[in-house]
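# make a model of this:
(chains A, B, C, D, E and F)
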There are 4 protein chains.
Amino acid sequence: MKDTRNQILDAAKRVITQKGFHGSTMEDIAKAAGVAKGTSYLYFKSKIELYLAVMEREFDYITSCFEEIIKSRIPVLKKIEGIISFFIEYMKENRDFVFSLMYEPPLIKMNKDVIHKRYRNKIDNIRHKFIEVLEEGIRRGDIIKEDPEVLADVIFGAIVRPVIQFVIRKKTGDIDSLKFKIMNILTKGIVRKGG
Amino acid sequence: MKDTRNQILDAAKRVITQKGFHGSTMEDIAKAAGVAKGTSYLYFKSKIELYLAVMEREFDYITSCFEEIIKSRIPVLKKIEGIISFFIEYMKENRDFVFSLMYEPPLIKMNKDVIHKRYRNKIDNIRHKFIEVLEEGIRRGDIIKEDPEVLADVIFGAIVRPVIQFVIRKKTGDIDSLKFKIMNILTKGIVRKGG
Amino acid sequence: MKDTRNQILDAAKRVITQKGFHGSTMEDIAKAAGVAKGTSYLYFKSKIELYLAVMEREFDYITSCFEEIIKSRIPVLKKIEGIISFFIEYMKENRDFVFSLMYEPPLIKMNKDVIHKRYRNKIDNIRHKFIEVLEEGIRRGDIIKEDPEVLADVIFGAIVRPVIQFVIRKKTGDIDSLKFKIMNILTKGIVRKGG
Amino acid sequence: MKDTRNQILDAAKRVITQKGFHGSTMEDIAKAAGVAKGTSYLYFKSKIELYLAVMEREFDYITSCFEEIIKSRIPVLKKIEGIISFFIEYMKENRDFVFSLMYEPPLIKMNKDVIHKRYRNKIDNIRHKFIEVLEEGIRRGDIIKEDPEVLADVIFGAIVRPVIQFVIRKKTGDIDSLKFKIMNILTKGIVRKGG
DNA sequence: AATGAATGAGACTTCATTCAT
DNA sequence: AATGAATGAAGTCTCATTCAT
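As a prediction, this is how the structure comes out:
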């Protein structure tokens, strides 16, 4: 059996995903975790801290997956492919969570900057590591010579949006072929060359 | 002088941008609009309806700008360039609003699907028109032969993310050169070709 | 009809007198005032502020009565007699209030110094005026030459305690003769002189 | 080493003195006593009972000191002097305690009369013994012929208030001379005689 | 005797909404 | 059309108390 703290975190992720941050009460979450209201406060100072803890745990998981891919000794393009694959898998399993808690975080009264600082570091960290991978790719001659930051953001955007659109629309089409379509566009560029 | 309804909408946009949806009270908004609390209810049935009205007005504005670009008789790539330019301009002027109300909409207790349906149509509409433009480009041989939906999402993602990152980080660099960098990557692809 | 603010103050004095500060809920007080819970918060920022407002209003009343007596152009001893009379009257009408809110103020979590500063001024003010009266009495040769501060405190203590004891014990005896007994002891001293 | 029960009582006196009754949690007190929360409940049925135990122990101490003085075979006036001395000493050492727990007992939800009955006996007992001393003094011709109850209360009040005022104001003056000033006023009376 | 994790009743406070003026 | 005083449902958080170990 998991320890109480993790039970509460899991319940919070589930409940807030379903009802949103402001739509979920501490009572809801506690009940879902099978504990009493007060128990949540033994482990988390406040509702917002509980929420932040859920988010941090999630970001830590995502971060570690990204790092694994980025550190591996494979060509740059394979790494990008790997990221797409991971992101597709993660989205398939966490569709509602992403929309409720990540793509659309609640506007909590707490100074938003405070909240963001807690993630920004983690996100920035990942982004920076990806930029380094691209710089290496540029040096090796695998990637075009272009501002690596912009490259990183373009690639991330080009990955995230189609995957999210795919999952939102719950198309019955083949999600795996999506990876190749994205890679195709990214590698060749959108312009039709030659005859 | 603007009519009362628009005064309230403007105030709502300003206040909610600053304090977030749950951080703003109807009192706050009414005061900022220079009217009494009760007056807001003469024009909007509820707080959530006021919020949705703000959003709809904004989406209508964005939609009309996109349509203008998309309808114009210029080459596909020029249209994409135009979209980037517009998006950059919009973000420069609406940075905080985008982060508060669009990029991070509040998780209101109201069934989220209800909310999304109100925008989904507008967003879908735009997306669909953009897809048509790309299909036309593919037919003409200007754009590579690839799933037009994926193409549309990749391009949107590749535009939105770097612009947002640029604005978030408030880099002092030249934001206008950003457009050319994005276009460069999108048109050539990320892979270094030739020699 | 009294205005709402005063209705709430009166209800608060009554309810807190009966149940104590921590024993009274805002709901209790509001109901006793014939208003809704939220209404109290339109007039007082918090429960503790409401409590402090009750106390201040009371101290202001007592202060003004004391001032009236002290300012009047009568001999010092008559002033002391007047104070005893006032105190007896006040205690007869406010017995429970004095015990609940003044003689035994609640130990609120708020820094007690903060609370006391709100009264201390008023109390100090009265005490100081009384000291001045005694100084005048000493100069005139009506009062014995002794530290006027100690004199003031001795006299106040010698008045307050017997009156409170009398009221606590609800003796059926003649409360008015109490004044003369106190005056007798104070003026003659406790030692039997002469033969 | 003291037994656990007394450790808890001591901690309770210290903590409640500092934070007040409602500001102190059982956790606070237990921690200060170096025991676990549950342990307190092995020795005291409830928080209020713990509080009452602290008070009773204190009153017992004060009572025994008073009795010692009152029983001793010295003249009445010497006894009064002794009481002043004791009270000054006690106040110097227990200033904060007196203000937190005695001068301003918490308004606990429990029926206040219940609480008071626990002390009333002890206080009444002391008061009564003092009254007897005065009656004896009156019979012997040392004390003026006056209602002994009023005499007792006047004297107590005339002692307690100046000492408390002295301690509150933390005057740097000579606290020992205070005793003689009080005695002077009490014995001679406040009226300037002769000449 | 001792522990401390868990409980859950209960209180303060907020604020969207109403409605008499 | 406009006001703003009043409402009261609802939520967060605290903490005395219990009890299995």
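
# can you name the residue of chain A nearest to DNA strand E?
A:G38 (1.6 Å; CB to the nearest atom of the strand). C-beta coordinates here come from the backbone N, C-alpha and C atoms, glycine included.

# angles on the backbone of A:V191, please.
phi -90, psi 130 (degrees, to the nearest 10).

# which residues does it contact?
B:77, B:142-144, B:187-188 (CB atoms under 8 Å, 6 or more residues apart in numbering or on different chains).

# what do you get if the cut-off is 10 Å, keeping everything else the same?
B:76-77, B:137, B:142-144, B:186-189 (CB atoms under 10 Å, 6 or more residues apart in numbering or on different chains).

# which secondary element of chain A has the worst mean pLDDT?
Each helix and strand of chain A was given a mean pLDDT (mean pLDDT, DSSP states H and E); the minimum falls on helix A:112-140 at a mean of 83.

# gap between that helix and the chain center?
Chain-centre distance of helix A:112-140: 13 Å, with CA atoms, centre = their mean, to the nearest Å.

# of the contacts of A:V191, list those near DNA strand F.
Taking CB under 7 Å from any atom of the strand as the test, DNA strand F is in contact with none of these.

# measure the residue of chain A closest to DNA strand E to C:V191 for me?
64 Å (CB to CB, to the nearest Å).

# can you check A:G189 too?
Look at A:G189 and C:V191: by CB to CB, they are 112 Å apart.

# repeat for A:A11
From A:A11 across to C:V191, the span is 78 Å (CB to CB).

# which non-adjacent residue is nearest the residue nearest the centre of chain A?
For chain A, the residue nearest the mean C-alpha position is A:I62 (6.0 Å; CA atoms, centre = their mean). Spatially, and ignoring its direct neighbours in sequence, A:I62 is nearest to A:Y90 (6.9 Å; CB to CB, 6 or more residues apart in numbering or on different chains).

# now do the one helix or strand that neighbour maps to: distance to the chain's middle.
Applying DSSP states H and E as the criterion places A:Y90 in helix A:76-97. Helix A:76-97 sits 9 Å away from the centroid of its parent chain (CA atoms, centre = their mean).

# domain parsing for chain A?
Under the assignment automatic domain parsing, the domains of chain A span A:1-44, A:52-188.

# worst mean pLDDT among the ones you listed?
For the domains of chain A, mean pLDDT drops lowest on domain A:52-188, to a mean of 85.

# let me know the helix or strand that A:I74 is in.
Assessed by DSSP H and E, A:I74 sits outside every helix and strand.

# list the contacts for it?
Per CB under 10 Å, 6+ apart, neighbours of A:I74: A:81-82.

# what does chain A put close to DNA strand F?
A:24-27, A:37-38, A:41, A:45-48.

# can I get the residues you listed in TSV with secondary structure, distance to B:N121 and neighbour count?
Output for those, formatted as TSV (DSSP: H, G, I helix; E, B strand; the rest coil; distance: CB to CB, whole Å; neighbours: other CB atoms under 10 Å in any protein chain shown):
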residue	secondary structure	distance to B:N121	neighbour count
A:S24	coil	28	25
A:T25	coil	32	13
A:M26	helix	36	18
A:E27	helix	36	11
A:K37	helix	40	13
A:G38	helix	45	9
A:Y41	helix	43	15
A:K45	coil	42	11
A:S46	coil	38	12
A:K47	helix	34	19
A:I48	helix	33	16
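
# need those in a markdown table (columns: distance to chain C).
Shown next, in a markdown table, are the residues of chain A next to DNA strand F (distance: CB to the nearest CB, whole Å):
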| residue | distance to chain C |
| --- | --- |
| A:S24 | 24 |
| A:T25 | 20 |
| A:M26 | 21 |
| A:E27 | 20 |
| A:K37 | 20 |
| A:G38 | 19 |
| A:Y41 | 18 |
| A:K45 | 18 |
| A:S46 | 18 |
| A:K47 | 21 |
| A:I48 | 22 |
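
# A:G157: which of those is nearest?
Closest to A:G157 out of those is A:I48 (29.3 Å), distances taken as CB to CB.

# measure the closest one to chain B for me?
12 Å (CB to the nearest CB, to the nearest Å).

# next: A:G173.
9 Å.

# surely that residue and A:P162 touch.
No - the criterion here is CB atoms under 10 Å, and A:G173 misses it with A:P162 at 11.7 Å.

# shared neighbours of these two, which are they?
Taking CB under 10 Å, 6+ apart as the criterion, A:G173 and A:P162 both touch B:147, B:149.

# more neighbours, those two?
Between A:G173 and A:P162, counted using other CB atoms under 10 Å in any protein chain shown, the more crowded position is A:P162 (27 against 12).

# how much does the helix or strand harbouring the more buried one deviate in direction from helix A:76-97?
Secondary-structure assignment from DSSP H and E places A:P162 in helix A:148-168. Orientation of helix A:148-168 against helix A:76-97 (axes from the mean of the first three to the mean of the last three CA atoms, to 10 degrees) gives an angle of 40 degrees.

# helices and strands around helix A:148-168, which ones?
With contacts taken as 3 or more CB pairs under 10 Å, 6 or more residues apart in numbering or on different chains; DSSP states H and E, helix A:148-168 sits against helix A:76-97, helix A:112-140, helix A:175-188, helix B:112-140, helix B:148-168, helix B:175-188.

# would you convert these into TSV that also reports distance to D:K117?
Converted to TSV, the helices and strands packed on helix A:148-168 look like this (distance: least, CB to CB, whole Å):
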stretch	distance to D:K117
helix A:76-97	60
helix A:112-140	52
helix A:175-188	77
helix B:112-140	60
helix B:148-168	68
helix B:175-188	79
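
# among those, which is the most enclosed?
With neighbours defined as mean count of other CB atoms under 10 Å in any protein chain shown, the helices and strands packed on helix A:148-168 peak in mean count at helix B:148-168, which reaches a mean of 22.

# orientation of it relative to helix B:175-188 in degrees?
Angle between the axes of helix B:148-168 and helix B:175-188 is 150 degrees (criterion: the same axes, to 10 degrees).

# report the separation between A:R73 and D:T187.
101 Å.

# now chain A against chain D: closest residue?
Closest to chain D within chain A is A:L42: 11.7 Å, counting by CB to the nearest CB.

# which one is that residue nearest to, not counting chain neighbours?
Spatial nearest neighbour of A:L42, chain neighbours left out: A:T4 (8.0 Å); criterion: CB to CB, 6+ apart.
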